[in-house]
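In: Provided below are the primary sequence and the corresponding predicted coordinates.
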Amino acid sequence: AAGVIQSPRHLIKEKRETATLKCYPIPRHDTVYWYQQGPGQDPQFLISFYEKMQSDKGSIPDRFSAQQFSDYHSELNMSSLELGDSALYFCASSQGAVGELFFGEGSRLTVL
Amino acid sequence: SQQGEEDPQALSIQEGENATMNCSYKTSINNLQWYRQNSGRGLVHLILIRSNEREKHSGRLRVTLDTSKKSSSLLITASRAADTASYFCATAYHNNNDMRFGAGTRLTVKP
């Protein structure tokens, strides 16, 4: 069965650079979530989309933005990267607003 | 915040023993879910319990929910070394599209 696909799996950037992460949800899933997980930390909710519209916002910095496209894939754009942005970024998708989340394997961002 | 708080933060047991992890939350929820995460990997959904349910089983997993105490517990029976992972509870608000995770319990099962 198809799972949530994230790319790239690993990304290395310099401070103040920009990074874009992509997420392809499971087909027919209408909700996409982004989470940030620092080393040894719990996943922190960033933002979610339902049917291509932003549905909720968590602790997402103003330097970050995200959108969901017509094909339901989502992109997380991060600008003016800081050392503290180094983390695993997970995308998850679900069918409906409340229910089981299916997670991708994550994109590991390292900011040097 | 809505995030679940979990205890213990770390748990170390021998294979064959049972492991119990607890989660507390602050406001009313639609459902509570438990996830497992191996180091550096994606989270894997284990079980979902709705606010009108009190107990649910799935294989060696047993989850309880006490909405009056705003708490849930995850019991893993007859643990195996392969159960070694971090376990997170996550709560969903009513009519809300976010899912908030607690701090997690790191379970180590020694062979």
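Out: It's in. The model shown is predicted, which means the values in this text are computed figures rather than measured ones. Numbering: from 1, shown residues only, chains lettered A, B, ... in the order given.
In: Which strand or helix spans the nearest residue to A:I26 once chain neighbours are set aside?
Out: Excluding its sequence neighbours, the residue lying closest to A:I26 (CB to CB, 6 or more residues apart in numbering or on different chains) is A:S93, at 5.2 Å. C-beta here means a position set from N, CA and C on the backbone, and glycine is covered the same way. Assigned by DSSP states H and E, A:S93 falls within strand A:87-94.
In: again, but for B:R36
Out: Element membership for B:R36 (DSSP H and E) is strand B:31-37.
In: C-terminal to that strand, what's the next element?
Out: strand B:43-50.
In: Now do the buried residues in that next one.
Out: Buried residues in strand B:43-50, counted by 16 or more other CB atoms under 10 Å in any protein chain shown: B:L43, B:H45, B:L46, B:I47, B:L48, B:I49.
In: do the same with stretch A:51-68
Out: Neighbour-count burial for stretch A:51-68, counted by 16+ other CB under 10 Å, picks out A:S55, A:D56, A:G58, A:I60, A:F64, A:A66, A:Q68.
In: Can you narrow those down to the ones near chain B?
Out: Residues of those in contact with chain B (CB under 8 Å from any CB of the partner chain): A:S55, A:D56, A:G58.
In: Let me know the closest of those residues to B:L11.
Out: Taking CB to CB as the measure, B:L11 lies nearest A:G58 of those, at 27.7 Å.
In: Pretty sure the closest one sits against A:Y33.
Out: No: the pair A:G58 / A:Y33 is not scored as a contact, 9.2 Å apart, by CB atoms under 8 Å.
In: near chain A, which residues of chain B show up?
Out: Within chain B, the positions near chain A by CB under 8 Å from any CB are B:3, B:30-31, B:33, B:35, B:40-45, B:48, B:88, B:90, B:92, B:95-104.
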